[in-house]
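Q: return a 3D structure for these sequence lines:
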Amino acid sequence: MGDFESLSEATSGAIGSLLSTTILYPLDTCKTKYQAEVRAHGQRRYRHLSDVLWEAISNGQFLSLYQGLGTKNLQSFISQFVYFYGYSYFKRLYLEKSGSKKIGTKANLLVAAAAGACTAIATQPLDTASSRMQTSAFGKSKGLWDTLTEGDWSNAFDGLGISLLLTSNPAIQYTVFDQLKLKLLKGNQLIQQSGAYEPSSLNSGFKSVVITREMGISKLETCCYFRCKVMIQSAEADENNHKKAKRKASKTLSGVVFAIWRKEGVTGFFKGLHAQILKTVLSSALLLMIKEKIAATTWVVLLAIRRSLLAQNGRLKSA
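A: Have a look, this model is predicted:
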């Protein structure tokens with residue numbers, strides 16, 4: 001039953017991620033293209049985030065804001081499935097081994113970080129491919145396979161180091177969500193006293209939004225890493241990188257940090273900060289709200305499928 005619980009959590013989380021990613025994808029594309037640009041000689045193509053949107057509209061390429069959506073959805077679905085499954089599995093394993101009835105904040109952070117690390121490694125090629133598709137010229141994005149096979153396969157893991165560092169974000173995010181959700185449910189006396197698992201959900205999507213707004217604070221300290229990660233992943237798409245040595249330097253964290261510092265100063269590390277926070281808060285709010293809303297339904301559907309398979313297996317054996 002424990003693995004079934006993990007499967008239910010993973011499925012509802014993945015569906016929530018799929019929907020939230022699709023809804024907010026144009027904003028994500030604008031943010032990524034805006035962050036990928038480094039000002040050279042005092043000039044820059046996009047002075048504001050809205051310039052990216054205006055370029056797409058004025059050139060009749062609005063639908064190009066969705067280039068790479070399929071890859072991003074695949075990456076989002078797999079990453080959230082792996083994350084929620086790993087998070088639920090590791091948490092249950094910890095409770096079984098420790099004999100505790102509830103998991104503390106420190107242990108929760110470690111469990112979430114472990115699940116996040118597994119997710120980053122498993123989905124990094126898709127994450128890199130989607131970033132390159134988003135930063136390609138409007139209407140000129142390549143397919144997933146062509147994007148992944150550009151250069152050697154090690155390029156598919158560009159930005160993995162930063163992705164592993166950024167596992168602190170979901171670790172803090174979902175730990176805070178779990179802790180605040182538990183307090184809200186206790187306050188509303190919605191926690192069941194029976195030992196059987198039953199998905200508990202927040203009785204209002206508004207509560208998910210409020211909780212996620214608080215979790216947005218956890219993103220603030222790591223926003224500069226997001227900028228560096230986008231720069232590393234989009235390095236191949238930079239038309240100014242003609243020399244091999246320069247391309248190699250632009251794909252390292254130290255090379256990106258130096259380039260941003262030299263051309264844009266300290267403020268360059270926080271370019272697109274408002275868009276990053278807006279996208280993160282809205283995405284997390286939608287994901288968690290949808291996940292909470294469909295958790296019970298997902299549980300019922302998976303339980304029905306399980307019973308159907310068991311009944312069919314029983315009939316086959318009796319025959």
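
Q: and stretch 109-129, which residues are buried?
A: 109-116, 118-120, 122-129 (16 or more other C-beta atoms under 10 Å). Where C-beta positions appear, they are placed from N, C-alpha and C, glycine not excepted.

Q: just stretch 60-71 next, same as before
A: 64-65, 67-69, 71.

Q: now do it: everything it contacts.
A: Contacts to stretch 60-71, defined as C-beta atoms under 8 Å, 6 or more residues apart in numbering, come from residues 22, 25-26, 29-30, 53, 55-56, 126, 129-130, 132-134, 136, 138-139, 141, 144, 147.

Q: try 7 Å this time
A: Stretch 60-71 is touched from outside by 22, 25-26, 29, 56, 126, 129-130, 133-134, 136, 138-139, 141, 144, with contacts defined as C-beta atoms under 7 Å, 6 or more residues apart in numbering.

Q: just flag the most distant two among those.
A: Ala56 and Leu126 (23.3 Å; C-beta to C-beta).

Q: and after the helix or strand of the chain with the lowest mean pLDDT, which helix or strand comes next?
A: Between all helices and strands in the chain, the lowest mean by mean pLDDT, DSSP states H and E belongs to helix 244-250, at a mean of 48. Using DSSP states H and E, the helix or strand that follows helix 244-250 in sequence is helix 253-264.

Q: just the CA trace of that next one, in CSV.
A: Extracted C-alpha coordinates of helix 253-264, given in CSV (Å, rounded to 0.1, in the frame of the first residue of the first chain):
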residue,chain,number,x,y,z
LEU,A,253,30.1,28.5,-14.1
SER,A,254,33.2,30.6,-13.6
GLY,A,255,33.1,31.7,-17.3
VAL,A,256,29.5,32.7,-17.1
VAL,A,257,30.0,34.5,-13.8
PHE,A,258,33.0,36.5,-15.2
ALA,A,259,31.1,37.4,-18.4
ILE,A,260,28.1,38.7,-16.5
TRP,A,261,30.2,40.6,-14.0
ARG,A,262,32.4,42.2,-16.7
LYS,A,263,29.5,43.2,-19.0
GLU,A,264,26.6,43.9,-16.6
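
Q: need the next SSE after it, C-terminal direction.
A: Helices and strands here follow DSSP H and E; after helix 253-264, the next one along the chain is helix 273-318.

Q: elements contacting that next one?
A: helix 2-36, helix 205-215, helix 217-220, helix 223-233 (3 or more C-beta pairs under 7 Å, 6 or more residues apart in numbering; DSSP states H and E).

Q: the spatially most central residue of the chain and Ala259, how far apart?
A: Centroid-nearest residue in the chain, with C-alpha atoms, centre = their mean: Ser76, separated by 6.0 Å. From Ser76 across to Ala259, the span is 29 Å (C-beta to C-beta, to the nearest Å).

Q: these two touch, right, Asn46 and Gln35?
A: No, residue 46 isn't Asn; it's Tyr. No. Checked against C-beta atoms under 7 Å, the pair Tyr46 and Gln35 is beyond contact range at 9.6 Å.

Q: who has more neighbours, those two?
A: For Tyr46 and Gln35, the more surrounded residue by other C-beta atoms under 10 Å is Gln35, and the numbers stand at 26 against 20.

Q: give me every residue that touches that one.
A: By C-beta under 7 Å, 6+ apart, the contact list for Gln35 reads 227, 230, 271-272.

Q: and the two most separated of the residues you listed?
A: Val230 and Lys271 (9.6 Å).

Q: how many neighbours does the closest residue in space to Lys291 that isn't next to it in sequence have?
A: In this structure, Lys291 finds its nearest non-sequential neighbour in Gly16, 3.8 Å apart by C-beta to C-beta, 6 or more residues apart in numbering. Residues within reach of Gly16, counting by other C-beta under 10 Å, total 26.

Q: and Gln80, what is it in contact with?
A: 13-14, 17.

Q: right, and the helix or strand after the helix or strand containing it?
A: Element membership of Gln80 [criterion: DSSP H and E] is helix 69-98. Downstream of helix 69-98, the first helix or strand assigned by DSSP H and E is helix 105-135.

Q: give me the angle between that next one and helix 69-98.
A: Interaxial angle of helix 105-135 relative to helix 69-98 (axes from the mean of the first three to the mean of the last three C-alpha atoms, to 10 degrees): 170 degrees.

Q: so which elements touch helix 105-135?
A: helix 2-36, helix 69-98, helix 144-148, helix 160-165, helix 168-187, helix 223-233.

Q: quick one, that helix and helix 223-233 angle?
A: 40 degrees.

Q: avg pLDDT for helix 105-135?
A: Averaged over helix 105-135, pLDDT sits at 87.

Q: and for stretch 6-20?
A: Averaged over stretch 6-20, pLDDT sits at 81.

Q: what's around Val52, how many residues?
A: Neighbours of Val52 under the rule other C-beta under 10 Å: 22.

Q: give me the neighbour count for the closest residue to it other than its chain neighbours.
A: Of all residues not flanking Val52 in the chain, Cys30 sits nearest, at 4.2 Å (C-beta to C-beta, 6+ apart). Neighbour count for Cys30, taken as other C-beta under 10 Å: 24.
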